[in-house]
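Participant: Need the 3D shape of this:
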Amino acid sequence: MLFLRKATMNDMNLIFEWANDPVVLNNSFHSETIPYDSHKQWYTSIMQNDSVLQYILMDDEIPVGQIRLNIQDGDAEIGYSIASEHRGKGYGRRILQLVAEEVAKNHSEIRTLVAKVKPDNTVSKKLFESEGYEMKYSCYTRKPMKSCGSGDDIQ
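Facilitator: Down below sits the predicted model:
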């Protein structure tokens with residue numbers, strides 16, 4: 001049986017392991033390996049933060065993934081991952097369905113679920129679209145151009 005359970009401090013190492021999975025890092029907006037001390041500080045802070053909901057997806061007694069909701073002004077931004085050994089089995093779809101059910105039942109303060117997905121993460125894009133999420137916009141970024149010098153050589 002699949003269900004979500006609230007994460008506890010005992011899940012800190014499991015979430016650390018999943019967060020540093022190469023596929024997860026590649027699909028994350030922060031793709032650097034996470035040092036344990038940083039993770040420990042971050043995890044402790046989110047467990048004490050009422051505007052963050054962290055769940056573990058369980059398949060009977062086996063943890064197979066995690067989903068986090070960062071709530072601000074009625075929006076809940078989703079961050080999720082499935083453990084590498086459990087990918088490709090439909091858990092991504094179920095974790096999104098279960099968190100939507102959880103929000104509908106127990107979190108009336110959340111009006112909108114929001115997912116930000118990197119352009120090359122086609123699996124997540126297809127998954128969110130198939131679950132009724134609509135793409136509202138694309139975000140483009142650019143680093144400023146470096147100066148070539150004082151400008152004296154421009155003609």
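Participant: in the chain, which ranges drop under the pLDDT threshold?
Facilitator: Low-confidence segments of the chain (pLDDT under 70): 147-155.
Participant: and with 80 instead?
Facilitator: For the chain, applying pLDDT under 80 flags the ranges 26, 29-30, 141, 145-155.
Participant: Strands of that one, start to end?
Facilitator: For the chain, applying DSSP state E gives strands covering 2-6, 52-59, 62-72, 75-82, 112-115.
Participant: Just the buried residues of the fourth one, please?
Facilitator: Neighbour-count burial for strand 75-82, counted by 16 or more other CB atoms under 10 Å, picks out 76, 78, 79, 80, 81, 82. (C-beta placed from N, C-alpha, C; glycine too.)
Participant: In TSV, list those residues along with distance to residue 141.
Facilitator: What follows is these, written out as TSV (distance: CB to CB, whole Å):
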residue	distance to residue 141
76	24
78	21
79	19
80	23
81	23
82	27
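Participant: quick one: terminal-to-terminal distance for stretch 67-85?
Facilitator: Stretch 67-85 has its terminal residues 17 Å apart, counting by CA to CA, to the nearest Å.
Participant: Report the contact partners of the residue nearest the centre of the chain.
Facilitator: In the chain, the centroid-proximal residue (CA atoms, centre = their mean) is residue 79; its distance is 1.5 Å. Residue 79 sits next to 67, 68, 70 when contact means CB atoms under 8 Å, 6 or more residues apart in numbering.
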